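[1] here is my input, please return the structure:
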Amino acid sequence: MSKRPTVVSVLGELLITVGVFLLLFVAWELWWTDIAAGREQESVRNEVVQQWEPDTDYEGEGADPAVVNGSGAWGFLYVPRLGAEWSVPVADGVGSDVIDRGLMGRYDVASLPGEEGNLSLAGHRQTHGSILWDLDQVVEGDVMYVQTANGWWVYRTVQNHIVAPTQTEVLDPNPLDPGGPASGRWLTLTTCHPLFSTRERMVTHAEYVSFIPTSQGPPEAIADAVAKNGTPELEPQAAGRT
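    Sure, this is the predicted structure:
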């Protein structure tokens with residue numbers, strides 16, 4: 001004669017079922033979203049490179065004509081501190097349709113490469129590619145590069161700090177003088193902090209150093225990452241820049 005289920009046994013089975021679903025959700029959030037974002041990145045890399053048409057007359061003065069507001073994916077970010085082959089595509093927008101694809105997104109208030117102001121970008125630190133997982137390893141003096149069809153914008157890190165989500169002044173035209181006028185050309189990266197939390201934001205500011213045209217070949221520090229992206233090359237004049 002079979003036993004009738006008790007309240008305790010039914011509750012136990014429900015808890016087990018809920019636990020299994022929670023584990024599956026965590027696995028999807030931490031594992032599958034990274035895989036999906038990685039696949040999406042590869043697709044975007046190919047699209048970016050195929051649409052590039054370098055302007056050989058542009059020498060880095062004024063807004064980079066290769067980047068048009070609202071035009072989607074337009075370049076790559078390289079941070080050697082995060083790995084010799086580390087790079088991530090950059091696109092306009094910071095909504096889920098951009099950063100959940102494992103891309104760096106440019107805020108709509110941000111300047112364009114080459115403009116006075118703050119080229120501010122956002123990306124996930126965990127899930128959806130976890131592209132900025134190791135951003136806390138970036139220190140003052142580290143060099144970062146933003147590549148467009150026309151060349152590489154070189155920036156040197158001056159600050160890596162933690163702020164509240166409400167401190168949007170980190171996106172100001174001069175992030176080291178919030179509220180003041182644009183002064184200089186800046187690159188700012190933002191991501192969530194601490195890991196597995198959205199309680200705070202980790203923010204890295206870097207100051208413009210130089211521009212290297214595509215015709216001169218990639219900087220030595222990111223040559224492997226550039227080659228991995230399959231970026232079309234013009235006839236190099238002076239490869240091995242830093």
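
[2] now do the helices in this structure.
    Assigned by DSSP state H, the chain shows helices spanning 7-27, 33-51, 96-99, 223-229.

[3] and the residue lying closest to L189 once chain neighbours are set aside, how far from T190?
    In this structure, L189 finds its nearest non-sequential neighbour in T204, 4.5 Å apart by CB to CB, 6 or more residues apart in numbering. Every C-beta, even on glycine, is put in place using the N, C-alpha and C of the backbone. From T204 over to T190 the distance is 8 Å, taken as CB to CB, to the nearest Å.

[4] what residue is smack in the middle of this structure?
    Geometric centre of the chain, nearest residue: M104, 3.0 Å, by CA atoms, centre = their mean.

[5] looking at the chain, which helix or strand is least sure?
    Least confident helix or strand, the chain: helix 7-27 with a mean of 50, by mean pLDDT, DSSP states H and E.

[6] before we move on, back to that, pretty sure the residue nearest to L189 is touching T157, no?
    Yes - with contacts counted by CB atoms under 8 Å, T204 reaches T157, the gap being 6.2 Å.

[7] the more surrounded of those two?
    Between T204 and T157, counted using other CB atoms under 10 Å, T204 has the larger neighbour count: 26 against 20.

[8] if I pick the more buried one, what's in contact with it?
    Taking CB atoms under 8 Å, 6 or more residues apart in numbering, we find T204 in contact with L135, V138, T157, Q159, N160, T188, L189, T190.

[9] ChimeraX command to pick out the buried ones of these?
    Buried residues among the contacts of T204 (16 or more other CB atoms under 10 Å), as a ChimeraX selection:
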select :135,138,157,160,188,189,190
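
[10] which of the contacts of T204 lies closest to N46?
    The closest of the contacts of T204 to N46 turns out to be L189 (CB to CB; 24.0 Å).
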